[in-house]
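Asker: below are the sequence and a predicted model; questions follow.
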Amino acid sequence: MLKKGSKLNSILTGNCPKCQKESMYEDKNPLHLSKVLKMNDNCSHCGFKYQIEPSFFYGAMYVSYGLNVAVGIAAFIVSFVFFGATIEQAFIAIILTLVVLFPFVLRLSRNLYINMFVSYDPKAGEN
């Protein structure tokens with residue numbers, strides 16, 4: 001499932017989309033909130049520059065919006081339909097779910113966005 005060379009591997013692990021041998025982030029743990037968005041400038045293995053163009057990751061905000069809508073809908077369905085919560089309880093469940101999953105959605109949106117533009121190259125970083 002997470003075979004090296006697949007987009008899914010890079011998206012879920014946060015590794016370089018070009019060589020998939022190094023994390024794009026300075027701190028791999030998304031729960032360290034002060035460092036959740038701090039990225040390395042380049043991959044130390046293949047030299048790929050993560051900031052492809054100025055303000056490149058602003059586009060990830062649109063991906064993040066879509067992911068948050070999907071998470072909110074899922075939280076509503078689970079709480080309202082499966083647990084029989086009232087509308088007020090369901091909206092509280094949505095808010096709590098979005099707050100708890102915020103750092104994961106943030107990283108996942110960046111990973112998805114960069115992988116839309118960059119493909120795996122098995123020869124990246126070889127001299």
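Answerer: Sure, I can see it. Numbers count the residues shown, from 1 in each chain.

Asker: hey, which helix is longest across the protein?
Answerer: Looking across the chain with DSSP state H, the single longest helix is helix 87-117.

Asker: which stretches of the chain form helices?
Answerer: Remark: helices assigned in the chain by DSSP H are 7-13, 60-76, 87-117.

Asker: same list, the ones you listed, but as JSON lines with mean neighbour count please.
Answerer: Glycine gets a C-beta too; all of them are placed from N, C-alpha and C. Shown next, in JSON lines, are the helices of the chain (neighbours: other C-beta atoms under 10 Å):
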{"stretch": "helix 7-13", "mean neighbour count": "17"}
{"stretch": "helix 60-76", "mean neighbour count": "15"}
{"stretch": "helix 87-117", "mean neighbour count": "16"}
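
Asker: and of those helices, who's closest to Glu26?
Answerer: For Glu26, the closest of those is helix 87-117, at 12.1 Å, according to C-beta to C-beta.

Asker: what is that closest one packed up against?
Answerer: Contact here means 3 or more C-beta pairs under 8 Å, 6 or more residues apart in numbering; DSSP states H and E; on that basis helix 87-117 packs against helix 7-13, helix 60-76.

Asker: and the spatially most central residue of the chain, what does it touch?
Answerer: In the chain, the C-alpha nearest the mean C-alpha coordinate belongs to Leu108, at 1.0 Å (C-alpha atoms, centre = their mean). By C-beta atoms under 8 Å, 6 or more residues apart in numbering, the contact list for Leu108 reads 11, 67.

Asker: give me the distance between it and Leu8.
Answerer: 12 Å (C-beta to C-beta, to the nearest Å).

Asker: swap in Leu67?
Answerer: Distance from Leu67 to Leu8, by C-beta to C-beta: 15 Å.

Asker: out of the helices and strands packed on helix 87-117, which gets the lowest mean score?
Answerer: Ranked by mean pLDDT, the helices and strands packed on helix 87-117 bottom out at helix 7-13, with a mean of 91.
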